[in-house]
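1. From the sequence below, what's the structure:
(2 chains)
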Amino acid sequence: MSDGVIGDYVSKIEPDLPLGRRMRTRIKEEITDYLHEAIDAGIAEGLSAADAKQHAIERFGRPHVVARAFAESRGVKAMATTFTRWAGLMSIVGAVLIAASLGSQFVLGFHQIWADGLGGGGVLALLIAVTGMHFRQRGTYGGLGRIGFRLLFLGFGLMGVALPFWNGLLFFSGELILVAGLISVGIASWRAAILPRVPLALIPLGIAVLFLGGSFDENTAIAGQAADLLAYLGIVSIAVAFGWIGIALWSETPTDPSESPIVAT
Amino acid sequence: MKSTLIKGHLDLLLLAVVENRPAHGYAIIEELRRRSAEAFDLPEGTVYPALHRLETTGLLASKWEKAGGRRRRVYEITRSGRSALQRQRREWSGFADAIRGVLEGGAA
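-> Residues are numbered from 1 along each chain as shown, chains lettered A, B, ... in the order given. Take a look at the predicted model:
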């Protein structure tokens, strides 16, 4: 019996299972075991192997509908939705705006980047994107992810409040909280394995390079251009990461509530 | 039979199937089909999530067993599941009597 057909079917279900790795593995094994038995039974009843496979898979159900049923059975509502898909688009837009802001500010100098409308628009777009990332994973990435998400917005809010008043301490506190939130969400997202992992690793790397460039500029004798280069690399890494994640979210098929199967009392 | 008619009673049916003997998903589905004379022929992708939900709520427990070189998840009813099954049986019996009464013209 070909495991390729079963494997293909199961692989279509897994991405839409907003559950932990262990539960996803269990569900895949259960479905695989069932399909093997159903296909063997179909062949025993006189069907050809190909017909038995097709019949068994069709009876089990459409992959994203089955995935949604499993998620609901575990009390998890985090699925690919229209909102998470559009958040993915905002992630792409944010990445492009930040990259464009970086390019437009190159001549004027890095320190003015936040005053630039492109950069500000990019940040707002990324906030929407991060919200979408949160909703996509909230059932899977656990308490660390949820706390990290709240820290992100708290940190950003503090920075926003501090900026008009030039309150350095409050702004710095906000930065620290924002970074703590990003790190928490990053670790939780990595463990959840729903979003692509390479860009998830790029984000903290970009932040580290960005901060390194910022600290070198103020405290050492390294030429200003070298420090700026580090900051640019950091921002580009972050922009690439969010663009990558945005493409992944935008590419998902949102689940349709009208397709909800019967699983209820 | 329309699957929408089964909605609301799937838990009762699944608990009843595993009441006397643990079974894995395929066996549960086949037994459900056999006992109902093929009236209950649910898409399998709806039954497995229901089994998971019953396990999450403590009415079923499950464990891995070896079968033919594969791992198989076998479900069995818990004490809470038996209590729930008894309660739901009583409720269904009362409901069925009430429906029958209405359809057949009520008590004299």
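
2. got a list of what residue A:145 touches?
-> Applying C-beta atoms under 8 Å, 6 or more residues apart in numbering or on different chains, one finds that residue A:145 lies in contact with A:134, A:137, A:138, A:184, A:185, A:188, A:189, A:192. No exception for glycine: its C-beta is placed from N, CA and C like everyone else's.

3. Farthest pair within these?
-> Farthest-apart pair in those is A:138 and A:184; separation 13.3 Å (C-beta to C-beta).

4. Within the helices and strands, which one has the residue nearest to residue A:246 when sequence neighbours are not counted?
-> Nearest non-adjacent residue to residue A:246, counting by C-beta to C-beta, 6 or more residues apart in numbering or on different chains: residue A:91, 2.9 Å away. For residue A:91, the host element (DSSP states H and E) is helix A:82-105.

5. My read is that residue A:72 contacts residue B:49, right?
-> Yes - between residue A:72 and residue B:49 there is a contact under C-beta atoms under 8 Å: 6.9 Å.

6. Out of these two, name the residue with the larger neighbour count.
-> residue B:49 (24 against 18; other C-beta atoms under 10 Å in any protein chain shown).

7. Near residue 44, how many other residues are there?
-> Just so you know, I chose chain A. Residue A:44, neighbours per other C-beta under 10 Å, totals 9.

8. try again with chain B
-> 21.

9. Ok, residue A:125 next?
-> Neighbours of residue A:125 (other C-beta under 10 Å): 23.

10. just checking, it touches residue A:97?
-> Yes - Residue A:125 is in contact with residue A:97 according to C-beta under 8 Å; the separation is 6.2 Å.

11. before we move on, the earlier item: report the contact partners of the residue nearest to residue A:246.
-> For residue A:91, the contacting residues are A:125, A:126, A:129, A:132, A:133, A:242, A:243, A:245, A:246, A:249, by C-beta under 8 Å, 6+ apart.

12. And the helices in the stretch 101-250 of chain A, which stretches?
-> Applying DSSP state H, counting those that start in this stretch to the stretch 101-250 of chain A gives helices spanning A:117-137, A:142-165, A:168-192, A:197-219, A:224-250.

13. Can you tell me which of those helices has the worst average pLDDT?
-> Least confident of the helices of the stretch 101-250 of chain A, judged by mean pLDDT, is helix A:197-219 with a mean of 78.

14. Packing partners of that one?
-> For helix A:197-219, the elements it packs on are helix A:168-192, helix A:224-250, judged by 3 or more C-beta pairs under 8 Å, 6 or more residues apart in numbering or on different chains; DSSP states H and E.

15. Can you tell me which of those is most buried?
-> Across the helices and strands packed on helix A:197-219, the average number of neighbours (mean count of other C-beta atoms under 10 Å in any protein chain shown) peaks for helix A:224-250, which reaches a mean of 20.

16. And that one, how far out from the chain middle?
-> Helix A:224-250 has its C-alpha centroid displaced from the chain centroid by 16 Å (C-alpha atoms, centre = their mean, to the nearest Å).

17. didn't residue A:18 look like it was pressed against residue A:142?
-> No - with contacts counted by C-beta under 8 Å, residue A:18 stays clear of residue A:142, the gap being 11.6 Å.
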